[in-house]
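*Asks:* below are the sequence and a predicted model; questions follow.
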Amino acid sequence: MDILTLNEYLNRIVYGFPMKLVFLLVGAYLVIFQIRWFSAPFRMMRVSFSETLGAIRERAYGFGGQITPFQATMVALSATIGTGHLLGMVAAVLLGGPGAVFWMWVGYFFGTGSKFAEATLAVHYRRRYADGSVSGGPMHYLYRGLPRLRFLAYLFAFFAAVAAFGIGNLAQAGAVGGALVPLGAPPALVGLLLALLVGVVLGGGIVWVARFAQVVVPLKLLLFLLAMGPLLVLYGGRLWEALSLVFQAAFSPEAALGGAAGYSLYAAINAGLGRGIFANEAGLGSAAIAHAQAQVDHPVRQGFWGVTEMFVSFLVTSLTALTFIASGLWQKGGSATEAAQALFGAHPLGGVILALTVAVFALGTMVAWGFYGEEAAAFLFGEGIRWPYRLTFATLAFVGPLGGLEAFLAISDTLNGLMAIPNLLGLVLLGGVVGRLVYGFFRGEPWVPPR
Amino acid sequence: MVKRGRMLSGNLAEFPFPSLVGALMQAGRTGRLLLHLPFLEAEVYLRGGQVVHARVQAGERALEGEEALDLLVGLKRAPFAFEPEALPPHTTLLGGLSVPARLAEAQAFWQGLDLPADWGYILRLSPGGGEVELSPEVLGVLAQVEGRRIAEVLLAPGPLRLARVLNTLLGMGVLEAVPQVAIPPTPLLVLPIYGPGSGVAYVDEPLYAGWARAIRHGFRLRLNPMGILMEVRPRPNIPGRLGLLEEDLRRLRLRRGDKVEVVPEV
């Protein structure tokens, strides 16, 4: 078996249906038994909003650290809201039909448990250095929280450090190139600008990454609204119909969609859960690296920011999906790119707005993933690896728009999926810690960091 | 006690006044013993080992002679310095053996009292209610002490009698002695603390420690502009924040991120 065949085999496992069910079960376990959303759902919802949206006006006030909880969430969102929210969502509806959206929401709901636990554990087990900087993420909570299973921490860090080069860099740079080259931008120039931008931002450490994210995430949302606004006006009358179709097709797509061929319940669940899990990265553990940087008095506060990250991601994917369903273009089939181009063909700015949105989405993802990869590499090889990693990352950002390196991209895609295995195992084994932290938080107890 | 050049200096906390004066007398010294506190100044002159003049002043009030000595014996903390060869402006004490005897008598008297060591503390009526029966003499003192420092109250004719009355009033809980602090208001952002209970405000540990060092007494926190007084406790990792329990947030109509000015009050 050659390496590519092995990669293909592993890829099918890590992105396969059983693995999606594992994601769902881990999220459900955390939501129901550890975080206990349902013990006081309205209070939890109120606290969740108070801790996040209610705290936005104090976004500039940290708790004495390098970046504020708001900025940490912006870094996480910068990575999370990527092209998967547009093209990936369109692809999911094409594959699973409108019912896939319902299953995506199920994935999102239980994913809040995983994301909450990741952000909470990331802050709880992070390492603080003498210069005031911190490092955290799954590799740290696996290492410090599960001392007998430290190999899981090394596995996660290895997967993340390599996956960041491919899925977090080459694929994103390729997407930026793919969006801008048709508008007349030379691929080499796009690559050069990307390399410079990524190199400079990553070179400034988490403070610059956070500042960049603080600009790029609102820009992403603004572009998304500019892109979706006219389409929502155009198809607004059919949104209720689309919503009703989502629920009808969720359980019996064959009956709900009439003559639409090829849509089954399995396809809806498989495609929907895929989006509900991989679009928001809940369970992958990547966003935890950003959340660990936030200076908060209690890890559970950052856990609520993790839920907000999910909420923003949920709004973007849901609006994309509902608009696409309302347009009726999903019935025509074809590739995700063709369907997206057809959808945005009705926009006054045409494909330009789609290209710009995709480019900015990919750019934000790239920078945040650069930071994730760097943190993972620093965990494996020490602080000395940071600059070599940044330079390699910037070099690959230049290569991305030029194309090539498909085999490496395929392998990194698998490694990206493999990140979830040690992380999900860690979330289950450390679920009790999350439960105790949540209990203490709601008893007014101060946080006692582990020694 | 240290000798700097020819100057002798130290603090009464380490070298009590009667022992200090006794040592200077035994050494047959001539000069001026100066005691200096922000709210009180005292000088004791010796000539050839004899105490010939003593004076204590606080604000516009002053005591001289034996009463000044009586008062100084009760002073538990004050930096002092001895300037050799300084001569008294006039004589208020006869010297001889009567001074050590008077000092010993006063020392025994002060040991029977339990007045605060810091005479800069302000006296005020205790907030707690309750009825007490007071003699006319005690009432007369009580009528004059509100808002004044212990040192100022004692600096009147009959300091030992006044000290005994004050000791009685403080012991009965009619009066309380509190430090005078002037800590500027600190602006903080409201941070919800989710948990049971109410009436407690949390501030960052270093801020609390700074206040505690400056006040050296139990204190509460006044929240402005509401003017509410709350119990205050330290909490780790909340710089720039004022932690308030949910019930208090509802009661005070405050939300996360609201700006509040806080002042510690004794």
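*Replies:* On my side now, so go ahead. Numbering: from 1, shown residues only, chains lettered A, B, ... in the order given.
*Asks:* who in the stretch 101-250 of chain B is up against chain A?
*Replies:* Residues of the stretch 101-250 of chain B lying close to chain A (C-beta under 8 Å from any C-beta of the partner chain) are B:189, B:191-197, B:235-241, B:243, B:245. All C-beta spots, glycine's among them, are computed from the backbone N, C-alpha and C.
*Asks:* host element of B:Val138?
*Replies:* According to DSSP states H and E, B:Val138 maps onto helix B:136-145.
*Asks:* for the nearest residue to A:Pro299 once chain neighbours are set aside, pull up the helix or strand it's in.
*Replies:* Of all residues not flanking A:Pro299 in the chain, A:Val123 sits nearest, at 3.7 Å (C-beta to C-beta, 6 or more residues apart in numbering or on different chains). Here A:Val123 is covered by helix A:99-124, with elements defined by DSSP H and E.
*Asks:* tell me the mean pLDDT over that helix?
*Replies:* For helix A:99-124, the mean per-residue pLDDT is 95.
*Asks:* quick one: contacts of the helix or strand that that helix is followed by?
*Replies:* Counting by DSSP H and E, the next helix or strand C-terminal to helix A:99-124 is strand A:127-128. For strand A:127-128, the surrounding residues in contact (C-beta atoms under 8 Å, 6 or more residues apart in numbering or on different chains) are A:Val134, A:Ser135, A:Gly136, A:His140.
*Asks:* ok, which stretches of the stretch 1-150 of chain A are helices?
*Replies:* Secondary structure of the stretch 1-150 of chain A (DSSP state H, counting those that start in this stretch): helices at A:3-14, A:17-29, A:41-51, A:69-80, A:87-96, A:99-124, A:138-145, A:150-165.
*Asks:* take the ones you listed and write them to TSV, including mean neighbour count.
*Replies:* Putting these into TSV (neighbours: other C-beta atoms under 10 Å in any protein chain shown) gives the following:
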stretch	mean neighbour count
helix A:3-14	14
helix A:17-29	18
helix A:41-51	15
helix A:69-80	28
helix A:87-96	24
helix A:99-124	28
helix A:138-145	27
helix A:150-165	23
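*Asks:* quick one: closest of those to B:Leu254.
*Replies:* Closest to B:Leu254 of the helices of the stretch 1-150 of chain A, according to C-beta to C-beta: helix A:41-51, at 11.7 Å.
*Asks:* what does the closest one rub up against?
*Replies:* By C-beta under 8 Å, 6+ apart, the list of residues contacting helix A:41-51 reads A:Trp37, A:Arg301, A:Phe304, A:Trp305, A:Val307, A:Thr308, B:Pro192, B:Tyr194, B:Arg255, B:Arg256.
*Asks:* what's the closest non-adjacent residue to B:Pro26?
*Replies:* For the record, residue B:26 is Gln, not Pro. Per C-beta to C-beta, 6+ apart, closest to B:Gln26 is B:Gly49, 7.0 Å.
*Asks:* report the secondary structure state of the closest residue to chain A within the stretch 1-150 of chain B.
*Replies:* Residue of the stretch 1-150 of chain B nearest chain A, by C-beta to the nearest C-beta: B:Pro127 (27.4 Å). When classified by DSSP: H, G, I helix; E, B strand; the rest coil, B:Pro127 comes out as coil.
*Asks:* that one: neighbour count?
*Replies:* If you count neighbours by other C-beta atoms under 10 Å in any protein chain shown, B:Pro127 ends up with 6.
*Asks:* any idea how far A:Leu53 is from it?
*Replies:* 42 Å (C-beta to C-beta, to the nearest Å).
*Asks:* now do B:Leu40
*Replies:* 57 Å.
*Asks:* OK, contacts around B:Asp248?
*Replies:* With C-beta under 8 Å, 6+ apart, B:Asp248 has these contacts: B:Ser198, B:Gly199, B:Val200, B:Ala201, B:Met230, B:Leu254.
*Asks:* one more pass at 10 Å, please.
*Replies:* Residues near B:Asp248 by C-beta atoms under 10 Å, 6 or more residues apart in numbering or on different chains: B:Val190, B:Pro192, B:Ile193, B:Gly197, B:Ser198, B:Gly199, B:Val200, B:Ala201, B:Leu223, B:Ile228, B:Met230, B:Leu254.
*Asks:* what strand or helix carries it?
*Replies:* Secondary structure (DSSP H and E) places B:Asp248 in helix B:246-252.
*Asks:* and the residue in the stretch 151-266 of chain B that chain A sits nearest to, which of the three is it?
*Replies:* Scanning the stretch 151-266 of chain B for the residue nearest chain A gives B:Gly195, at 2.1 Å (criterion: C-beta to the nearest C-beta). Under three-state DSSP, B:Gly195 falls in the coil class.
*Asks:* leaving out chain neighbours, which residue sits closest to it?
*Replies:* Per C-beta to C-beta, 6+ apart, closest to B:Gly195 is A:Gly444, 2.1 Å.
*Asks:* what's the burial count for B:Thr186?
*Replies:* Close neighbours of B:Thr186, defined as other C-beta under 10 Å, add up to 17.
*Asks:* next SSE downstream of the helix or strand of chain A with the lowest mean pLDDT?
*Replies:* Every helix and strand of chain A was ranked by mean pLDDT, DSSP states H and E. The lowest is helix A:253-256, at a mean of 72. Later in the chain than helix A:253-256, the nearest helix or strand by DSSP H and E is helix A:265-278.
*Asks:* how close does B:Gly158 sit to B:Gln57?
*Replies:* Using C-beta to C-beta, B:Gly158 is found at 17 Å from B:Gln57.
*Asks:* those two - which one has more neighbours?
*Replies:* Using other C-beta under 10 Å, the more surrounded residue of B:Gly158 and B:Gln57 is B:Gln57, with 16 against 13.
*Asks:* tell me what the helix or strand harbouring the more buried one is packed against?
*Replies:* Assigned by DSSP H and E, B:Gln57 belongs to strand B:50-58. When contacts are defined as 3 or more C-beta pairs under 10 Å, 6 or more residues apart in numbering or on different chains; DSSP states H and E, strand B:50-58 packs onto helix B:17-26, strand B:31-37, strand B:40-47, strand B:61-64, helix B:66-73, helix B:98-111, helix B:150-154.
*Asks:* centroid residue for chain B?
*Replies:* Geometric centre of chain B, nearest residue: B:Asp118, 2.7 Å, by C-alpha atoms, centre = their mean.
*Asks:* spit out the contact partners of that residue.
*Replies:* Neighbours of B:Asp118 in contact, by C-beta under 10 Å, 6+ apart: B:Leu37, B:Phe39, B:Lys76, B:Arg77, B:Arg149, B:Ile150, B:Ala151, B:Ala177, B:Pro179, B:Gln180, B:Arg216, B:His217.
*Asks:* how far is stretch A:396-411 from where the chain is centred?
*Replies:* Relative to the chain's own centre, stretch A:396-411 is displaced by 21 Å; criterion: C-alpha atoms, centre = their mean, to the nearest Å.
*Asks:* what does stretch A:367-385 give?
*Replies:* The answer for stretch A:367-385 is 18 Å, by C-alpha atoms, centre = their mean.
*Asks:* same check, this time on stretch A:241-256
*Replies:* 27 Å.
*Asks:* pull out the buried positions in it.
*Replies:* A:Ala242, A:Leu243, A:Leu245, A:Val246, A:Gln248, A:Ala249, A:Ala250, A:Pro253, A:Ala256 (16 or more other C-beta atoms under 10 Å in any protein chain shown).
*Asks:* isn't the fifth one right up against A:Pro98?
*Replies:* Yes. With contact defined as C-beta atoms under 10 Å, A:Gln248 counts as touching A:Pro98 (7.9 Å).
*Asks:* and the closest residue to chain B within the stretch 251-400 of chain A, backbone torsions?
*Replies:* Closest residue of the stretch 251-400 of chain A to chain B, C-beta to the nearest C-beta: A:Asp297 (4.0 Å). Backbone geometry at A:Asp297, expressed as degrees, to the nearest 10, gives phi -80, psi -20.
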